[in-house]
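In: here's my sequence, what's the structure:
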Amino acid sequence: MGTDAIYQCKRGKRIHHLEQISDELEAYFDENPLKDVPDAVRKIKENFGIPITATPVRYWLKAKAIRTKSQKAYLQKQT
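Out: Residues are numbered from 1 along each chain as shown. This next block holds a predicted model:
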């Protein structure tokens, strides 16, 4: 223990379920492109058995720079 234990605080550093299977999810979404965020939530529930809401999925997709078909279409309209 000692003073080193003071600096090893893990409070506030949660590892989300999506981060634990991040590689599998990215590979799956490369093979099966997403239409939108609710589609991603549905596919995660069906294929990986993780009951999750849209908000954490949206944040995870944004962090991994994975775009849905609707986002790609919107970006093409902008240019």
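
In: in the protein, where is pLDDT below threshold?
Out: Applying pLDDT under 70 to the chain picks out residues 1-15, 74, 79.

In: point to the residue nearest the middle of it.
Out: The structure's the chain has its C-alpha centroid closest to residue 60; by CA atoms, centre = their mean the separation is 2.8 Å.

In: what's in contact with the host helix or strand of that residue?
Out: Assigned by DSSP states H and E, residue 60 falls within helix 54-64. Residues outside helix 54-64 that contact it (CB atoms under 8 Å, 6 or more residues apart in numbering) are 16, 18-19, 22, 25-26, 34, 37-38, 40-41, 44, 67-68. To be clear about C-beta, it is placed using only N, CA and C from the backbone, and glycine gets the same treatment.

In: go again using 10 Å as the cut-off
Out: Residues from elsewhere that reach helix 54-64 (CB atoms under 10 Å, 6 or more residues apart in numbering): 16-19, 22, 25-26, 29, 34, 36-41, 43-44, 50, 52, 66-68, 71.

In: same check on stretch 69-79?
Out: Stretch 69-79 has contacts (CB under 10 Å, 6+ apart) with 33-37, 39, 61-62, 67-68.
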